[in-house]
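> Could you work out the structure for the sequence below:
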Amino acid sequence: NISLDIKQGECVALLGESGCGKSTLLRCLAGLVEPTVGTISVAGQEVYSASINTPPGKRGLGFVFQDYALFPALTVEQNIAFGTSPDQQIRVQELMELVGVRQLKDRLPQQLSGGQQQRVALARSLAPNPKLLLLDEPFSNVDAHRRFEIGEELREILRVHNTSAIFVTHDQTDALSLSDRVAVMTLKDREGIIAQYDLPEVVYSNPSCQQVARLTGTGWFLDGTANGKQVETPLGTLPLKERAEGPGIVMVRPEDLRFVAGEGEATVGFSCFTGPGFLLSVEFNGMRLRIPHLTSLPVGSTGLIDVTAPCVFW
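As a prediction, the model looks like this:
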């Protein structure tokens with residue numbers, strides 16, 4: 001029961017836990033899996049319905065598989081050119097230059113790093129001028145320090161070609177930092193649904209439910225009783241983003257907490273350096289909270305916990 005629309009030139013992330021249907025949805029769009037019901041349209045043209053089932057190769061889509069699926073016996077240049085016509089050789093050369101593999105054109109896939117293979121797979125998927133690019137866990141085989149750099153390059157390539165894209169990920173950082181909008185998928189009654197579809201900053205700061213909050217970042221969920229623009233919780237009286245009444249759940253993100261050393265009932269359990277600051281493990285009222293802090297504090301230090309921003313309440 002999925003409904004999703006993507007604008008021209010937009011990059012959308014499908015974020016969710018394993019088994020919620022992210023890759024299945026991507027394969028339905030590509031034509032590799034047949035839906036049981038519904039319609040799929042690309043650029044205003046139906047490619048799947050009760051009476052239409054356009055073959056994958058004729059949907060005008062590019063697909064980058066999780067393992068890249070490069071042809072092992074073909075060189076970089078031959079992989080990118082595969083499936084294109086002879087008159088597209090200039091485009092193949094341009095794409096090699098664009099993704100930075102021109103100097104590797106005569107190498108075989110096994111002679112490339114994971115990041116280089118990903119660039120080749122991306123160039124190959126872009127060679128036929130697809131209307132929509134589909135990427136399944138595109139950064140899973142790339143070193144952590146290269147993920148954001150390659151993601152930036154991907155966004156720039158999509159912008160240059162005004163190509164729309166959907167990428168599947170279970171990594172919240174990739175989803176939030178590399179997309180224009182995020183579709184957060186969860187399981188409900190053992191079926192995958194889109195629980196929230198919005199801008200990255202919205203799904204993070206104003207999640208529609210606890211599942212979305214957990215998938216988009218770290219947070220603490222406290223029982224509370226709301227009275228207008230504030231709520232009574234085990235942390236004390238906290239401000240709310242929107243007016244509410246009665247019992248419910250409050251979400252607090254780590255960056256919205258501040259530890260004020262001095263007189264108070266909160267106690268530092270340990271302190272560790274995370275770069276560029278420190279992270280305190282603070283015990284208070286039977287809870288253990290991890291709070292960012294500019295400096296290290298000795299174990300046993302006491303103080304107060306201050307909530308610096310209005311909270312989400314369900």
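> CA only for contacts and neighbour counts going forward, please
OK.
> which residue is nearest the centroid of the protein?
residue 175 (1.6 Å; C-alpha atoms, centre = their mean).
> give me the element it is part of.
Under the criterion of DSSP states H and E, residue 175 resides in helix 172-178.
> centre of the chain versus whichever helix or strand comes after that helix, how much separation?
For helix 172-178, the following helix or strand on the C-terminal side (DSSP H and E) is strand 181-188. How far strand 181-188 lies from its chain's middle: 10 Å, per C-alpha atoms, centre = their mean, to the nearest Å.
> Likewise for stretch 215-229?
With C-alpha atoms, centre = their mean as the basis, stretch 215-229 stands 22 Å off its chain's centre.
> same deal with stretch 83-103?
Distance, centroid of stretch 83-103 to centroid of chain: 29 Å (C-alpha atoms, centre = their mean).
> buried sites along that stretch?
91-93, 95-96, 98-99, 101-102 (16 or more other C-alpha atoms under 10 Å).
> in the stretch 1-150 of the chain, which spans are helices?
Shown for the stretch 1-150 of the chain, the helices assigned by DSSP state H, counting those that start in this stretch span residues 22-30, 76-81, 89-99, 114-126, 144-161.
> Residue ranges in the stretch 51-200 of the chain under the pLDDT threshold?
Along the stretch 51-200 of the chain, the parts satisfying pLDDT under 70 run over 141-146.
> 80 - rerun?
For the stretch 51-200 of the chain, applying pLDDT under 80 flags the ranges 66, 83, 139-151, 153, 157.
> Which of the buried residues of stretch 83-103 sits closest to residue 45?
Nearest to residue 45 among the buried residues of stretch 83-103, counting by C-alpha to C-alpha, is residue 91 at 25.8 Å.
> and the closest one, what does it touch?
Applying C-alpha atoms under 8 Å, 6 or more residues apart in numbering, we find residue 91 in contact with residue 127.
> hmm, what's the outermost residue in this structure?
Residue farthest from the centre of the chain, counting by C-alpha atoms, centre = their mean, is residue 263 at 41.1 Å.
> Backbone dihedrals for that one, please?
phi -70, psi 130 (degrees, to the nearest 10).
> Figure out the helix or strand that the nearest residue to it once chain neighbours are set aside lives in.
Using C-alpha to C-alpha, 6 or more residues apart in numbering and skipping the chain neighbours, the partner closest in space to residue 263 is residue 303 (5.1 Å). Residue 303 is part of strand 302-307 when elements are defined by DSSP H and E.
> List of residues touching that strand?
235, 238, 256-268.
> Considering those, which is situated nearest to residue 160?
Nearest to residue 160 out of the contacts of strand 302-307 is residue 256 (C-alpha to C-alpha; 37.5 Å).
> My understanding was that the closest one contacts residue 308; is that so?
Yes: between residue 256 and residue 308 there is a contact at 5.2 Å, judged by C-alpha atoms under 8 Å.
> hmm, back to that, what's the residue farthest from the centre of the chain in contact with, if anything?
Applying C-alpha under 8 Å, 6+ apart to residue 263 gives the contacts 302-304.
> which strands and helices sit next to the regular element (helix or strand) spanning residue 232?
Using DSSP H and E, residue 232 sits within strand 220-233. Packing partners of strand 220-233 (3 or more C-alpha pairs under 8 Å, 6 or more residues apart in numbering; DSSP states H and E): strand 236-252.
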